[in-house]
Each structure stands twice: as structure tokens, then as C-alpha cells.
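**Q** sequence and predicted structure are below.
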Amino acid sequence: MKRIAALDMLRGYALVCIMLDHMPIGLLRNVTLTNFAVFDAAELFVLLSGFLVGMVWVKVEARQGRRVAQLRFLRRAAQVWLALIAGAVLLALFSALLFKLHMNHTAVWFQYARWIFEHPIGYVATVALMWMQPNLLDVLALYVLLIATVPLTVPFMLRMPWAALAVSVAVWWFAEPLNALIPNQRPGPGLLFNPFGWQLLFFAGVAMGAFRDRIMPVLRRHAALLTVLSVAVMLFSLTTVLAWRIGPPAKPVTDFIRSLTGGIDKWSLDFARLIAILAASWLVAVPLARPFAWMAGTAPGEALAEIGRGGLFSFIVCVLLSIWGDALDMTVPQGGAAWFWLRLAIDLWLIVAFWAVAAVWMRREAWVPPLRARLRLD
């Protein structure tokens, strides 16, 4: 399947934003996506993942049949589940190593570093059962559940799209009481990323990928209206975020927005966040398609695309670099000009390191066979 460079670039951008957002005192986290819209990189990552699922499913089913497509995504769900377990182990071990080196960090809970040595089997078992999802890996647990449903939900969507939409909206509407039924380690009800809420965004992405050849000609007939509405939604989204950041002086604006939207909840995927990411998707896909295609061809765009193509590997690297970056940030003395420049240098170094690791991974076919031969593993 021919890859879409801008799509890979956006996936890489989402992962970089997730890395920076997970560094509590990082500098560049103040200019990530969440600072300019009511949604953040998590929504972008899930929507793009759904889009790729829709594209891949249609291609595989057309060439090899539905059964092959179903088996492919069952295997993918198993791969994501194994990545969740591996990521949880690496996260705990890396956190323990940093504490051993007296590099304090708060990006992840300190108990994981203890449990991996005190109760290794219990730690792995609770992650494998998804009774516990270490923070920073929460969205991966959500992804396991969503991908696992694909062999049943996508055929239903392709056969009866409007019925599938109705079911998805109904599940989203009752997301909070449904999530409360899931047994979990958290003191709150269910999973942090409510799968019954986030499934609506994921399957919206699947529909975009699967039906884009049928949907886009219809939508383009109303392109001007949709662009105006999308711009209005994004301006409203930006105003909301700026009011939050300004704080008490902008309280009248915040109160007015709250009267329109109510609370804007990330974890069950609030309607305002859903509409905002869909509006942004239209702007990127249609009026801004050429600028984004151009950006994908630049050196930074190609670097982000390599990160995006890294898939699960890039996500795990993103998590580990978040912890390392947080630990490095906490070694920088407060105050003075050096504080700003050192924090900026740490963030920039992490982004470059992220790209370098992803680039090496993407070129593994060139260096893994010689390495295996040298180590006599074949």
C-alpha cells in the first residue's frame, strides 16, 4: 500500500507532542498542540490510527478476502497487547535505573520501579490482564481494545454504515456508566481512556479511511461551508484554551464557554473535543492539503514521517524518552538565563534522538542481517 507522507508526518508530530506533553516541567510542552486547541495529540494519534485501519482493511479485503483482513487485525491486536506488556516492563526498569542513578523524575509513578523487582510476576500479570495500565501507556491499552474489535466492527460498518454510526454514537452517549463496569486498579471508574467514548473517534477515522473515495466527492460539493464552519470551530477551540491559560482575568469568557459546552472532559472524549479534532481534520485534508504535502517533503517533515512510520516501536521510544527528559529537566537549576537554554536544549536533543532512533529502526533490514550473521544467530 502506498504511504501518504503527510499522514506519516502527522503521526510523527503526534508522537513528539505526546513525548513533550509527558514531561511535566519541559519547556516545549508549552507550544504543543494542546496549547492551541481543546484536543491534544492523543486524539490526533487515535484518529490517524483509525484512518490507517480503514485504508488497510479495504486494501487487504479487496485483494485477499475478509478472512485474511480479520486475521491480520487479530494479529495486530496481539502485537499491540505484547507492546503494552513490553513497554510496561521497559518503563519500570528504566525508571528504576534512573532512580538508581539519583535522577529523580515524576513523569511516571515511582511504584512501578519497585514492583518490577519486588513482584515481577504480579506486575507483568496485572499489566497483561489490563487491570493496571502504567501511566504514559494508557492510550496503548485503549488501542488494544479498539483494534481487538476491528474484525467484527469493520465488516458491520462496511455493510451497514449508518447503523454502525448509530451504534457507535449510542455507546459513546453511555460511555461513562459502561466504563464504570470495567474492573481496574485505578480509584476512579474503569480505564483512564474510556474505550466506550474514544471508540467513536477511532471508528470515525476508520470510516474516513474506508469510505474516503465515496465521502470526499460529496463533502467537496459543500467545501466552502465546511471550511467556514471548521475555521469557526477552531477559533472557538483556541479561544477556550487561551481563556483557560489566562486564568482569572478571563473568567467571564471561561464561564460563558462553560455555559455552552459544560465541562470539557478528555477521558470520555467530550463532544467539544470530538468536534474540534474533526474540524481540524477537514482543514488539513482539504484547504490546507497542499501546504501539508509541501511540509511533508521538507527535512523536518521527513524526519517526523520516519518517527510516524515507526509505529509501536516509536510509541515505546516516545514513552522512555519522556521519562529521561523529565529526569534531565529536574537536574537543571532554577532561575537565570541558563535555565531557559538548558531546558530548550534538552527538549531539542530529545526530538533529534527520537528521530535518530526511529531512523535506525526503519533501516533495520540493512543492519540486522549482518549483525545476526556476525553473532551467528541464523
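**A** It's in.
**Q** remind me which residues of this protein are low pLDDT?
**A** Per-residue confidence for the chain (pLDDT under 70) gives these ranges: 1-2, 377-378.
**Q** helix, strand or coil for the residue lying farthest from the centre of it?
**A** Relative to the average C-alpha location in the chain, and by CA atoms, centre = their mean, no residue lies farther out than R376, which sits at 38.1 Å. Recorded secondary structure, R376: coil (DSSP: H, G, I helix; E, B strand; the rest coil).
**Q** got the buried residues for whichever helix or strand W361 is part of?
**A** Per DSSP states H and E: W361 is located in helix 336-362. Neighbour-count burial for helix 336-362 flags L342, R343, I346, D347, L350, I351, F354, W355, V357, A358, W361, M362 (criterion: 16 or more other CB atoms under 10 Å). Backbone N, C-alpha and C define where each C-beta goes, glycine included.
**Q** ditto for stretch 204-221
**A** The neighbour-count criterion (16+ other CB under 10 Å) identifies A204, G205, V206, A207, M208, G209, A210, F211, R212 as the buried residues of stretch 204-221.
**Q** likewise for stretch 57-75?
**A** Neighbour-count burial for stretch 57-75 [16+ other CB under 10 Å]: W57, V58, V60, E61, A69, Q70, R72, F73.
**Q** ok, of these, which one's closest to I316?
**A** Distance from I316 was checked for each of those by CB to CB. The minimum falls on F73, at 20.4 Å.
**Q** now that closest one. Nearest residue, chain neighbours left out?
**A** The shortest distance from F73 to any residue other than its chain neighbours is 4.4 Å, reached at V150 (CB to CB, 6 or more residues apart in numbering).
**Q** with F117 instead?
**A** Excluding the flanking residues, the one nearest F117 by CB to CB, 6+ apart is A96, at 6.8 Å.
**Q** and that neighbour, how far from A113?
**A** Computed with CB to CB, to the nearest Å, the distance linking A96 and A113 is 4 Å.
**Q** in what helix or strand does I182 lie?
**A** In this structure, I182 sits in neither a helix nor a strand according to DSSP H and E.
**Q** surely it meets G190?
**A** Yes: distance between I182 and G190: 4.1 Å, which falls inside the contact criterion (CB atoms under 8 Å).
**Q** what's the neighbour count on L165?
**A** When counting by other CB atoms under 10 Å, one arrives at 15 neighbours for L165.
**Q** and what of the one 3 residues further on?
**A** Burial of S168, expressed as a neighbour count using other CB under 10 Å, amounts to 21.
**Q** so which elements touch the helix or strand where F315 lies?
**A** Remark: F315 resides in helix 311-329, with elements defined by DSSP H and E. When contacts are defined as 3 or more CB pairs under 8 Å, 6 or more residues apart in numbering; DSSP states H and E, helix 311-329 sits against helix 5-21, helix 66-100, helix 336-362.
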